[in-house]
Every structure is written in structure tokens, then in C-alpha cells.
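Participant: show me the folded form of this:
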Amino acid sequence: MTTALEQLAFFRDSTVTCRPLVGISSCLAGEKVRYDGSDKQLNMLAEMRERMELFPLCPEADAGLGIPRPPVQLVLTEQGVQALGRDDPELDVTDALLRHRSRAYRQMMAKPLCGYIFKARSPSCGLASAPVFSNEETLYYDNGLFTDGLLRMFPWLVTCDESSLENINGLDHFLRQCQLVHEILYDTGMDYLLDIHRHYLEQLHDLDPYSAELLQGYALRENRQKYVELLLDYWREDTEG
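Facilitator: Numbering: from 1, shown residues only. All right, here's what the predicted structure looks like:
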């Protein structure tokens, strides 16, 4: 049985009270930016704001597509997956969304971003839940255009959509992962990663030898991004399994 994340003792006592920076789809943060001018505010938004610093972003509104705006969907074409109008197939906003996401990523690289909360099924922000269509039929589900590029650039991010934050247990689990990222990547101080690794290794009694060796290698090279990515995979695999 995997050591529970909730039982983990952080390397620094202060980590348990830190407010990590978390990106969030603007509609989930209560902003009326959806295609129909509405929002999808999370029920636990007030508590989330007390426990983490939220960074709202709406790829479609911020790309200048307007509010309200024609709804779009992901469509598999000969040119690849594109964001086309749901009611007007001639409407193509793919380039506008891709240009905006490049600007947004550059902005985010300068921030101590620890996690991201996505809007499920969104053609921009869906997390393995955005339907991809062909001839009006759903072929498969994938990441939205914004999500896809973000995860390639920041593979260590703690991610979820709103379905994972419907109760306090889900919020606690997400928050502790984000705090772990904050501690290892941003609250570095004068501590060596190898010292942090030894602290966590003592608590992860069921960690397989191969992963332990990989973690030690990243710690020796001070590769904090790869280290925290692999450490988080330890809990992701248990949750998915």
C-alpha cells in the first residue's frame, strides 16, 4: 500500500501552511467568460482562495474571441486537430488560440506555478476530457489545445479538473501535492536536493528500487523538476490504480 500523501511529513514545517500558486480556468474562479457569458464557479472556491493563490486564465476570452462568442469544438481534419465552430464549421480559431497560448506560457514561466485546475470537456482547457469530433461523431477524448501545450512545457504540474475538487478530501490531496512542488522547486533556500531526498526516502518504505535510484540520481544532479515529477508519479499511479 502506498504511503498516504496526507501522512507525509514535509521537509520544512512551514510548507504545510504555504499558499502555492495554482492556475485555474477563469470560469471555475467565478468569472463570466464562457462562450455564453456564464461562469462555472466551484462550490469550494472561497476555501480554495484561503488555502492557495489562484491565477485565473481563460484561453478563449484572453485570445480576443469575445464574450459571448460562437462555441467551438475540436475536430480532426487533414491538417490535424483544429478548433472549429460548433454551429459554423467555417469558423476556425485554431491559430488565435495557439498564438495566445504561446504568450501565456511565457508569462507563466516567470511565476512559481505549482498546479492547475482545468475545466472538464473544454476544447481549450479539457484534461483528457475534450471530445474530438469527425463528421459530428466523437472519435476520442483528449486534452484541450491550451492544456496540451501546458503539460508538455510543465510536465511536473499538479493537475486536475473540477470533478476532483467536489469535497474537502479531494481539495486536501490536490493542495498537498502543490505544496510539495512549492517546497522542492521554489522554497529552495540553502538546502541541497539530496538532503530533501533523504528526508522523503525515509518515509516512502514501499518505493521500488528503480524509482529510488532515479530519484537519487536527480537529487545528485539538483534536477528539481524531474525529481518532483517522479515523486508525484508515486501517488498518481496509486490513485489511478
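Participant: low-confidence stretches in this structure?
Facilitator: Scanning the chain for pLDDT under 70 picks out the ranges 1-2, 237-241.
Participant: mind listing the strands for the protein?
Facilitator: Remark: strands assigned in the chain by DSSP state E are 21-25, 53-57, 72-77, 80-85, 113-118, 130-134, 137-142, 158-161.
Participant: quick one, which of these gets closest to residue 183.
Facilitator: Closest approach to residue 183 among the strands of the chain (Cβ to Cβ): strand 113-118, 9.5 Å. For glycine as for every other residue, the C-beta is placed from the backbone atoms N, C-alpha and C.
Participant: send the alpha carbons of stretch 222-241 over as PDB?
Facilitator: The C-alpha trace of stretch 222-241 is given here as PDB (Å, rounded to 0.1, in the frame of the first residue of the first chain):
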ATOM      1  CA  GLU A 222      20.000  19.000  -8.500                       C
ATOM      2  CA  ASN A 223      17.300  18.300 -11.200                       C
ATOM      3  CA  ARG A 224      14.400  19.500  -9.100                       C
ATOM      4  CA  GLN A 225      11.800  19.500 -11.900                       C
ATOM      5  CA  LYS A 226      12.400  15.800 -12.800                       C
ATOM      6  CA  TYR A 227      12.700  14.900  -9.100                       C
ATOM      7  CA  VAL A 228       9.300  16.300  -8.200                       C
ATOM      8  CA  GLU A 229       7.700  15.000 -11.300                       C
ATOM      9  CA  LEU A 230       8.800  11.400 -10.500                       C
ATOM     10  CA  LEU A 231       7.900  11.900  -6.800                       C
ATOM     11  CA  LEU A 232       4.400  12.900  -7.700                       C
ATOM     12  CA  ASP A 233       4.000   9.900 -10.000                       C
ATOM     13  CA  TYR A 234       4.400   7.800  -7.000                       C
ATOM     14  CA  TRP A 235       0.900   9.000  -5.800                       C
ATOM     15  CA  ARG A 236      -0.600   9.400  -9.200                       C
ATOM     16  CA  GLU A 237      -0.100   5.700 -10.100                       C
ATOM     17  CA  ASP A 238      -1.600   4.600  -6.800                       C
ATOM     18  CA  THR A 239      -4.700   6.800  -7.300                       C
ATOM     19  CA  GLU A 240      -5.200   5.700 -10.900                       C
ATOM     20  CA  GLY A 241      -4.700   2.100 -10.000                       C
END
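Participant: that stretch: which residues count as buried?
Facilitator: 224, 226, 227, 228, 229, 230, 231, 232, 234, 235 (16 or more other Cβ atoms under 10 Å).
Participant: list the buried residues for stretch 158-171?
Facilitator: Here stretch 158-171 shows 158, 159, 160, 161, 162, 164, 165, 171 as buried, counting by 16+ other Cβ under 10 Å.
Participant: export the strands of the chain to JSON lines and tack on distance to residue 15?
Facilitator: Shown next, in JSON lines, are the strands of the chain (distance: least, Cβ to Cβ, whole Å):
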{"stretch": "strand 21-25", "distance to residue 15": "14"}
{"stretch": "strand 53-57", "distance to residue 15": "15"}
{"stretch": "strand 72-77", "distance to residue 15": "38"}
{"stretch": "strand 80-85", "distance to residue 15": "39"}
{"stretch": "strand 113-118", "distance to residue 15": "11"}
{"stretch": "strand 130-134", "distance to residue 15": "33"}
{"stretch": "strand 137-142", "distance to residue 15": "34"}
{"stretch": "strand 158-161", "distance to residue 15": "14"}
